[in-house]
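Undergrad: Just the structure for this:
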Amino acid sequence: MKIAVVGTGYVGLVSGACFADVGIEVTCVDVDERKIEKLKNGVMPIYEPGLEEIVLRNYKSGRLKFSTDLGEAIQGAELAFIAVGTPPGEDGSADLKYVLAVADEIGSKMSDFIVVATKSTVPVTTGDKVRATIQSALERRGVALPFAVASNPEFLKEGAAVEDFLKPDRIVIGVDDDRAEEIMQRLYKPFQLSGDRIIYMDIPSAEMTKYAANAMLATKISFMNDIANLCELVGANANMVRKGIGSDPRIGNKFIFPGVGYGGSCFPKDVKAIINTAQQYGYELRVLKAVEEVNEFQKHVLAAKVKARFGEDLTGMTFAMWGLSFKPNTDDMREAPSAVIIDELRAAGAKVKAYDPVAMEEAKEHYLFDKVCYCKDAYDALVDADALLLVTEWSEFRIPSWEAVAKLLKNKVVFDGRNIYDKEYLQSLGFEHFGIGNK
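TA: The predicted structure follows:
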């Protein structure tokens with residue numbers, strides 16, 4: 001079986017590599033010649049555990065190829081995935097120009113039946129737009145070739161994407177063509193050996209499922225952060241409350257950890273996009289508007305705690321920050337709470353020394369530039385710092401040498417933005433501990 005995957009970002013590269021790993025012939029296509037050359041030389045554009053190994057193994061075997069030529073890639077292919085970016089517009093809507101540009105090029109260069117499936121996160125009715133774009137390109141050529149459109153949204157967690165793809169909990173496929181369904185069935189058969197995980201539905205429902213899933217998870221996060229802020233005011237402990245409600249199977253214990261807000265490439269963008277979709281149909285998603293408002297507020301909570309402890313004017317002070325990426329096991333800095341916290345501390349006159357195991361290069365190149373001093377390790381960031389801010393809960397930060405931390409910091413003060421430290425234990429060592437949702 002031969003397929004093409006257009007886009008070598010997070011979704012496209014993981015998908016292409018994992019399909020190749022089960023024996024499918026895959027060509028990953030991108031317009032970025034520099035990125036394609038780097039991939040051919042084994043240089044990954046993103047950090048994702050296990051990805052480099054699976055890419056190199058399948059590229060070496062010849063099952064995985066990289067190209068800038070979409071026309072060549074779809075020749076003989078049964079299916080082409082569109083996995084390009086859908087960045088938010090000024091109004092929060094998903095920008096489909098890259099998706100539709102790929103659809104147009106497929107229509108301009110296809111020579112036989114092909115299924116064109118969107119893996120990019122796209123709003124409802126995108127399938128219709130992709131279909132119309134391909135058909136328009138065929139009409140310009142004066143040819144009549146059969147094709148099918150499908151929706152196959154991804155549900156990959158950054159930091160566990162390879163594992164999620166190879167062992168999916170569900171595979172959602174929106175389709176309205178029997179031939180396309182049969183091709184999808186063959187494509188995903190290797191991932192269903194321990195049970196049928198495919199959920200077939202119509203294309204609009206598949207498109208909506210992706211947005212609804214991310215919106216629900218974002219809602220759980222903002223709900224718990226809102227409750228945590230109230231816990232702090234009334235004297236309750238948000239960690240205890242989390243355990244109490246998380247034991248209820250109707251609620252579950254995932255995505256209810258208090259913190260400094262969600263970030264990344266999915267939740268912020270997708271919540272905005274689904275709100276915009278509702279507005280286009282004259283409907284207001286009031287719950288999700290509140291979810292977004294709570295999340296923006298939450299990104300300022302840790303800096304507010306710093307100011308409450310040290311004063312509004314932080315001139316001459318230096319703060320150590322552990323973690324920059326929006327979550328562990330990724331170098332993704334998109335919508336990261338760390339950027340908001342750093343901006344607020346700097347605006348108050350402070351300096352920031354930061355360390356992250358993998359995201360510092362990404363931060364330097366695209367986000368924080370010269371706003372912080374990047375340190376060689378976690379302890380280097382503590383030297384001459386007035387306090388420590390834990391922002392991303394990387395494993396290596398979980399059990400530090402508190403003796404070393406105490407010696408390096410000017411003040412034994414820890415702002416725990418992810419509630420990973422035991423407050424009573426730190427207090428027994430003479431530290432002041434400021435978490436989320438407990439006094």
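
Undergrad: quick one: the residue nearest to Leu230 when sequence neighbours are not counted from Pro258, how far?
TA: In space, Leu230 comes closest to Ala236 once its chain neighbours are excluded; the distance is 7.8 Å by C-beta to C-beta, 6 or more residues apart in numbering. Where C-beta positions appear, they are placed from N, C-alpha and C, glycine not excepted. In this view, Ala236 and Pro258 are 12 Å apart by C-beta to C-beta, to the nearest Å.

Undergrad: Repeat that for Asp196.
TA: Per C-beta to C-beta, Asp196 is found 37 Å from Pro258.

Undergrad: The two: which is more packed in?
TA: A direct count of neighbours by other C-beta atoms under 10 Å for Asp196 and Pro258 places Pro258 higher, at 26 against 10.

Undergrad: Would you mind confirming that the more buried one makes contact with Ala228?
TA: Yes - using C-beta atoms under 8 Å, Pro258 is in contact with Ala228, at 3.6 Å.

Undergrad: Quick check: neighbours shared by these two?
TA: Ala238, Ile436, Gly437 (C-beta atoms under 8 Å, 6 or more residues apart in numbering).

Undergrad: Using a markdown table, please lay out the residues you listed together with neighbour count, secondary structure and distance to Asp32.
TA: Converted to a markdown table, the shared contacts of Pro258 and Ala228 look like this (neighbours: other C-beta atoms under 10 Å; DSSP: H, G, I helix; E, B strand; the rest coil; distance: C-beta to C-beta, whole Å):
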| residue | neighbour count | secondary structure | distance to Asp32 |
| --- | --- | --- | --- |
| Ala238 | 23 | helix | 43 |
| Ile436 | 26 | coil | 39 |
| Gly437 | 26 | coil | 43 |
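
Undergrad: Pick out whichever of those sits closest to Arg57.
TA: Distance to Arg57, by C-beta to C-beta, is smallest for Ile436 among the shared contacts of Pro258 and Ala228, at 41.1 Å.

Undergrad: Which residue, neighbours along the chain excluded, lies closest to that closest one?
TA: Pro258 (4.2 Å).

Undergrad: where does that neighbour fall, helix, sheet strand or coil?
TA: coil (DSSP: H, G, I helix; E, B strand; the rest coil).

Undergrad: On the pLDDT front, check it for me.
TA: pLDDT for Pro258: 96.

Undergrad: Just list the residues touching it, thanks.
TA: Shown in contact with Pro258 (C-beta under 8 Å, 6+ apart): Met224, Asn225, Ile227, Ala228, Ala238, Asn239, Arg242, Asn419, Gly435, Ile436, Gly437.

Undergrad: now do 10 Å
TA: By C-beta atoms under 10 Å, 6 or more residues apart in numbering, the contact list for Pro258 reads 221, 224-229, 231-232, 238-239, 241-242, 298, 301, 417-419, 435-438.

Undergrad: Check Gln427 too.
TA: Lys412, His433.

Undergrad: Which helix or which strand is home to it?
TA: helix 423-428 (DSSP states H and E).

Undergrad: Please state the offset of the next helix or strand along the chain from that helix from the chain centre?
TA: The C-terminal neighbour of helix 423-428 among helices and strands, as given by DSSP H and E, is strand 432-434. Strand 432-434 has its average C-alpha position 30 Å from the chain's average C-alpha position, going by C-alpha atoms, centre = their mean, to the nearest Å.

Undergrad: swap in stretch 418-433?
TA: That offset, for stretch 418-433, works out to 30 Å (C-alpha atoms, centre = their mean).

Undergrad: sorry, back to before: restricted to helices, list the contacts of Pro258.
TA: Judged by DSSP state H, the subset of the contacts of Pro258 located in helices is 221, 224-229, 231-232, 238-239, 241-242, 298, 301.

Undergrad: Return the set of buried residues in stretch 155-165.
TA: Neighbour-count burial for stretch 155-165 flags Phe155, Leu156, Glu158, Gly159, Ala161, Val162, Asp164, Phe165 (criterion: 16 or more other C-beta atoms under 10 Å).

Undergrad: For the stretch 201-350 of the chain, just list every one of the strands.
TA: 318-322 (DSSP state E, counting those that start in this stretch).

Undergrad: show me where pLDDT drops low in the stretch 151-300 of the chain?
TA: 194 (pLDDT under 70).

Undergrad: before we move on, the earlier item: could you check how far the residue nearest to Leu230 is from Glu403?
TA: For Ala236, the distance to Glu403 - C-beta to C-beta - is 32 Å.

Undergrad: of the two, who's got more company?
TA: Neighbours of Ala236 and Glu403, each counted by other C-beta under 10 Å, are more numerous for Ala236; the result is 16 against 9.

Undergrad: Would you check how far apart that one and Lys167 are?
TA: For Ala236, the distance to Lys167 equals 38 Å [C-beta to C-beta].

Undergrad: Lys371 now?
TA: 39 Å.

Undergrad: The two: which has the busier surroundings?
TA: Between Lys371 and Lys167, counted using other C-beta under 10 Å, the more crowded position is Lys371 (16 against 11).

Undergrad: which residues touch the closest residue in space to that one that isn't next to it in sequence?
TA: Distances taken as C-beta to C-beta, 6+ apart put Ile342 closest to Lys371, at 5.7 Å, once the chain neighbours are dropped. Residues near Ile342 by C-beta under 10 Å, 6+ apart: 303, 319, 321, 324, 336, 350, 352, 354, 363, 367-368, 371-372, 389, 391.

Undergrad: Can you redo the buried residues of stretch 155-165 as a markdown table, where the extra columns are distance to Val26 and secondary structure?
TA: Formatted as a markdown table, these follow (distance: C-beta to C-beta, whole Å; DSSP: H, G, I helix; E, B strand; the rest coil):
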| residue | distance to Val26 | secondary structure |
| --- | --- | --- |
| Phe155 | 20 | coil |
| Leu156 | 17 | coil |
| Glu158 | 21 | coil |
| Gly159 | 23 | coil |
| Ala161 | 16 | helix |
| Val162 | 15 | helix |
| Asp164 | 18 | helix |
| Phe165 | 13 | helix |
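
Undergrad: re earlier: need the buried ones from the contacts of Pro258 selected in ChimeraX.
TA: Buried members of these, defined by 16+ other C-beta under 10 Å, are picked up in ChimeraX with:
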select :221,224,225,226,227,228,229,231,232,238,239,241,242,298,301,417,418,419,435,436,437,438
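
Undergrad: got the residue ranges for the helices in the stretch 151-300 of the chain?
TA: Ranges of helices in the stretch 151-300 of the chain, per DSSP state H, counting those that start in this stretch, are 161-166, 178-188, 203-234, 238-246, 267-280, 286-298.

Undergrad: same thing with the stretch 301-439 of the chain?
TA: 301-310, 337-347, 360-362, 402-408, 423-428.
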